[in-house]
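[1] Could you work out the structure for the sequence below:
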Amino acid sequence: MDDLLREFLTESAEHLDTVDAELVRFEQDPNNQTILRNIFRLVHTIKGTCGFLGLPRLEALAHAAETLMGQFRDGMPVTGPAVSLILVTLDRLKAILGELENTGTEPTGSDDDLIDALDVMSAGPMQAPDAAPPLPAPLPAPLPAA
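    Reported below is the predicted structural model:
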């Protein structure tokens, strides 16, 4: 594994840990623009680096999460289901990053379930607020490196 990828994995893990903590704070104070901007910036950084490193699966998932966070930043109301969806997305990103760290390559697979749910939520309240899309199942935890 090259140094650039190793540095990306380390920084992404740190960013995702920060986003986890910030999301808990954000759920308690959904009008706090400082927290929202910080979460958006961290997800945006991960997305941009994925594009630079040629990691399309991670990039697409981070992009969909960034779009939803951008909607919040632009005034869309933050809901519990939306925060839960972002948390599930972060878990998936962590699982993919874990596999990338173990194997040195981005794992194959589809994240269309999460991307579709993020896209629907990003499109705004077209349904009753309680009729949020079901949360996709998380990926299994990556196996430890041998």
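[2] count of neighbours near L118?
    A count of neighbours around L118, defined by other Cβ atoms under 10 Å, yields 27. The way it works is simple: take the backbone N, C-alpha and C, and place the C-beta from them, glycine included.
[3] Check the protein for its longest helix and report it.
    If you go by DSSP state H, the chain has its longest helix at helix 3-28.
[4] Check which helices and strands that helix is in contact with.
    In this structure, helix 3-28 packs against helix 33-53, helix 80-103, with contacts taken as 3 or more Cβ pairs under 8 Å, 6 or more residues apart in numbering; DSSP states H and E.
[5] any chance of those helices in TSV, with mean pLDDT too?
    Output for these, formatted as TSV (pLDDT from 0 to 100):
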stretch	mean pLDDT
helix 33-53	90
helix 80-103	91
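[6] Compare the ones you listed and report which one is nearest to R73.
    Of all those, it is helix 33-53 that lies closest to R73, at 5.4 Å by Cβ to Cβ.
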